[in-house]
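Engineer: After the sequence you'll find the predicted model.
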Amino acid sequence: MKTLRNVSMLIAGVLSALATFSVSGAAPPGRESGAVVKGDIAALAIYRAMHAAMREARALSYESEYVRETGGKEIGRSSYRLLLKKPNFARLESRSEDGTRTGVLILDGRRMWIYWPDGRPYIHESDSAANTRDVRRSYLRKDAGKGGHSIARETSVLGTGMSMTIIDPSIFHGSPDLMDALLESVKSAGSVNVDGEVCDIIEASYLKGRRTRVFWISRRDRLPRRLEETMRGKRDIVVRERWRDVVVNGAVSKDQFRWKPPARWEEYRLQSLDDGLLRPGSEAPDFDLVLLDGTRFRLSEHRGKVVWLSFWRLSCVPCRKELPHLQNLQDRYAGEGLLVLGFNCADGREPAEEFLREKMIRFRNVVDTTAVAREVFHEQYQTAKGQSALPLNYIIDIRGRIAGGWYGYEKGSDRGERILRSLGTAR
């Protein structure tokens, strides 16, 4: 009852505070303070209450159907059962539609375990030469501190036909909802009865409509019963979920979250992203592509300058935060020979140009979705088979060699500037 009262108070608070549709005061986890959300005030309140209901619950369990489609055809169907308990426990059991493949994910408070009772599936990211060959008796292990993991990002390796869940279950444990930082509008679409629950239908739009989510949210506990996500691109992908047997604050035994590898089982290791970074001292792969302003850029023609090459895309929240930081570095160190180059092979020219203009990003940018540009990012500057992530940063010295490379952006980190200082480009 305490959770439901808190959710009701949250709805009332949001309704009174969002008269201008602006998220003011402390931002929800993962969202920048001051960001404006357009649309229906009541819909935004219900959307916020859904996240609050997940975060405030002491325990949560449900079962879900999971379907992926593209071009009107199914490309994946499975089901999963999820148990969540505070402070940092989870168990997700997924099964393929035909029941022949099962994957299990367990969060035991400190570590995340993944194993396959019916045998490990083919995982294309794996480095087979360095891994166990016994597909029947293997497991994955990862460190997973409270608020610092994403269960949704791990479900694709279960091998049951799932990709990412629409809502990241790790929100329950305090991890941020990264999509919330990209939320631009919400609106109500009426109400309907779903499996005996009266549900408000809320439509949320992100990235100027290139990604949308629809939630059928129960008025009783403010948790969804149906979810649908559409990712628009050259081939639209639609993911649908249907939650059943939703129980909030029910009794969940900690025994459900205990697991250790049986005797003679071997740890299976995925090739990491860092394994695929180009090594310091190696020659930076050359490329010759057209910049957003219409001029050509050939990397090898800029020997004598230190080049900070940053790969980004619009849907990457850390990328959007990093670009203004890079503009600041370009302004400070251009006179010392620094050239910052952005590289986007995922987004169209118009939306990318609009974003760069809004953020007053003036340094040069490649925005090119051709196969040639994608090969530069996916194959030449990353060598981990089948893996990629953003932002990806490289600093290239005056001889055209890699001085350093890394994934991610952390506000306040001086990692890149330390490399610039070692090259004499920053003070």
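Structural biologist: Nice, I can see it. Residues are numbered from 1 along each chain as shown.

Engineer: Going by C-alpha atoms from here, please, whenever you check contacts or count neighbours.
Structural biologist: Noted.

Engineer: and Gly72, how many neighbours does it have?
Structural biologist: By the measure other C-alpha atoms under 10 Å, the count of residues near Gly72 is 10.

Engineer: do the same with Leu292
Structural biologist: Close neighbours of Leu292, defined as other C-alpha under 10 Å, add up to 18.

Engineer: Check the one 3 residues further on too.
Structural biologist: When neighbours are defined as other C-alpha under 10 Å, Thr295 has 10 of them.

Engineer: what sits against it?
Structural biologist: Under the criterion of C-alpha atoms under 8 Å, 6 or more residues apart in numbering, the contact list for Thr295 is empty.

Engineer: Can you list phi and psi of it for me?
Structural biologist: Dihedral pair for Thr295: phi -80, psi 160, per degrees, to the nearest 10.

Engineer: Okay, domains of the chain per the record?
Structural biologist: According to automatic domain parsing, the chain is divided into the following domains: 57-267, 274-422.

Engineer: Which parts of the stretch 201-350 of the chain are helices?
Structural biologist: With DSSP state H, counting those that start in this stretch, the ranges of helices along the stretch 201-350 of the chain come out as 317-333, 349-358.

Engineer: average pLDDT across the first one?
Structural biologist: I take that to be helix 317-333. When the per-residue pLDDT values of helix 317-333 are averaged, the result is 96.

Engineer: Tell me which residues of that helix come out buried.
Structural biologist: Neighbour counts using 16 or more other C-alpha atoms under 10 Å place Val317, Pro318, Cys319, Arg320, Glu322, Leu323, Pro324, Leu326, Gln327, Leu329, Gln330, Tyr333 of helix 317-333 among the buried residues.

Engineer: Other residues contacting that helix?
Structural biologist: Around helix 317-333, the neighbours that count as contacts under C-alpha under 8 Å, 6+ apart are 178, 181-182, 312-314, 338-340, 359-363, 390-391, 408-411, 425-426.

Engineer: now those: which count as buried?
Structural biologist: Buried by 16+ other C-alpha under 10 Å: 178, 181-182, 312-314, 338-340, 361, 363, 390-391, 409, 425-426, out of the contacts of helix 317-333.

Engineer: out of those residues, who's nearest Ile151?
Structural biologist: The nearest member of the buried ones among the contacts of helix 317-333 to Ile151, counting by C-alpha to C-alpha, is Leu178 at 12.9 Å.

Engineer: Per-residue confidence at the closest one, what does it come out as?
Structural biologist: For Leu178, the pLDDT comes out at 82.

Engineer: now do the one 4 residues further on
Structural biologist: According to the per-residue confidence, Leu182 scores 89 in pLDDT.

Engineer: That one and Arg136: what is the separation?
Structural biologist: Remark: distance between Leu182 and Arg136 (C-alpha to C-alpha, to the nearest Å) = 41 Å.

Engineer: Can you list the residue ranges for strands in the stretch 51-200 of the chain?
Structural biologist: Counting by DSSP state E, counting those that start in this stretch, one finds strands in the stretch 51-200 of the chain at the ranges 59-70, 73-85, 89-96, 102-108, 111-115, 138-143, 183-194, 197-206.

Engineer: Turn the ones you listed into JSON lines, columns for distance to Gly348.
Structural biologist: Below are the strands of the stretch 51-200 of the chain laid out as JSON lines (distance: least, C-alpha to C-alpha, whole Å):
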{"stretch": "strand 59-70", "distance to Gly348": "20"}
{"stretch": "strand 73-85", "distance to Gly348": "26"}
{"stretch": "strand 89-96", "distance to Gly348": "35"}
{"stretch": "strand 102-108", "distance to Gly348": "37"}
{"stretch": "strand 111-115", "distance to Gly348": "37"}
{"stretch": "strand 138-143", "distance to Gly348": "36"}
{"stretch": "strand 183-194", "distance to Gly348": "19"}
{"stretch": "strand 197-206", "distance to Gly348": "16"}
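
Engineer: Of all the ones you listed, which one is nearest Ala371?
Structural biologist: Nearest to Ala371 among the strands of the stretch 51-200 of the chain is strand 59-70 (21.1 Å), distances taken as C-alpha to C-alpha.

Engineer: Packing partners of the closest one?
Structural biologist: Strand 59-70 sits against strand 73-85, strand 237-248, with contacts defined as 3 or more C-alpha pairs under 8 Å, 6 or more residues apart in numbering; DSSP states H and E.

Engineer: want to throw these into a markdown table with distance to Pro280?
Structural biologist: As requested, those are arranged in a markdown table below (distance: least, C-alpha to C-alpha, whole Å):
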| stretch | distance to Pro280 |
| --- | --- |
| strand 73-85 | 40 |
| strand 237-248 | 38 |
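
Engineer: Now render the helices of the stretch 201-350 of the chain as JSON lines, adding distance to Lys85.
Structural biologist: Putting these into JSON lines (distance: least, C-alpha to C-alpha, whole Å) gives the following:
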{"stretch": "helix 317-333", "distance to Lys85": "28"}
{"stretch": "helix 349-358", "distance to Lys85": "40"}
